[in-house]
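Novice: Sharing a model that was predicted from the sequence below.
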Amino acid sequence: MTIEQKQVKAKTVLKEVVAESAEKLEQVSKEAQQKVTEVVAVVTESAEKLEQASKEAQHKVTEAVAESAENIKVEAQELQSNVQDQIQSLKQDLIQRIELIKKQLNFSPKDLGELKEFVKSELNAVINDLSKLGKELKEDVSQISVKHKDQLTETLKRSKENTLEAWKKVAPQKAEATKPESDTTLKS
C-alpha cells in the first residue's frame with residue numbers, strides 16, 4: 001500500500017470515528033437536554049408545591065386570626081353584659097336600701113342630712129367599685145390581647161417552620177436532579 005492509500009484509509013477511519021463521536025455527542029446532548037427538562041419540571045413542580053404550602057399556611061393563619069378576633073369580641077360582649085347586669089343589681093340594691101332607710105327615718109332635717117351623707121357614701125362606694133371593675137376589665141382585655149398575640153406569633157412561627165421544611169425538601173430534590181446531568185456529561 002502506498003502512502004496515499006494509507007492516508008485515504010486513515011482519513012476514512014478518522015471520519016468514521018469523528019462521525020461516531022458526533023453521534024454519541026449528539027445522543028448524550030439529547031439525553032442531557034431531556035434530563036435538564038426533567039429537572040426543570042421537578043423544580044417547577046416543587047416550587048409550585050412550596051408556593052401552595054405557603055398559601056395554605058397563610059390562609060390558616062388568616063383563619064386563626066379571624067377566629068381569635070371573633071372569640072375576643074364574644075368574650076368582650078359577655079364581659080360587658082356581665083358588667084351591665086352587676087350595675088343593674090347594684091342599682092336595685094341601692095334603691096331597696098334607700099327605701100328601707102326612708103321607712104326608718106322620720107324625715108326630720110337632721111335625718112335628711114344623715115340620709116344625704118349615707119347616700120353620698122353609698123354612691124361613692126358604687127363609683128369606686130365601678131372604677132375597679134373597669135380597671136379589671138381593661139386588664140382582662142389586655143391579657144386576652146396578649147394571649148391572642150402570643151398565639152398568632154406561635155402560629156406564624158409554625159407556618160414559617162413548615163414552609164422552611166418544605167423548601168428544604170425541595171432543595172435536595174433540585175440538587176439530586178441536577179447531579180445525573182453532570183455525571184452524564186462527564187462520561188462522554
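Specialist: The structure has been received and is ready for your questions.

Novice: From now on I want contacts and neighbour counts done on CA atoms only, so please keep to that.
Specialist: Will do.

Novice: how far does the helix or strand of the chain with the lowest mean pLDDT sit from the chain's center?
Specialist: In the chain, the helix or strand scored least confidently by mean pLDDT, DSSP states H and E is helix 109-187, which has a mean of 77. Distance, stretch centre to chain centre, for helix 109-187: 12 Å (CA atoms, centre = their mean, to the nearest Å).

Novice: got it, and stretch 48-64?
Specialist: Distance, stretch centre to chain centre, for stretch 48-64: 8 Å (CA atoms, centre = their mean).

Novice: List the contacts of Glu4.
Specialist: The contact partners of Glu4, by CA atoms under 8 Å, 6 or more residues apart in numbering, come to none.

Novice: Distance-wise, check it relative to Lys24.
Specialist: 30 Å (CA to CA, to the nearest Å).

Novice: Equivalent analysis for Gln96, please.
Specialist: Distance of Gln96 to Lys24, computed by CA to CA: 106 Å.

Novice: Now do whatever helix or strand Ala19 lives in against helix 109-187, angle only.
Specialist: Using DSSP states H and E, the element containing Ala19 is helix 3-104. Here the directions of helix 3-104 and helix 109-187 differ by 170 degrees (axes from the mean of the first three to the mean of the last three CA atoms, to 10 degrees).
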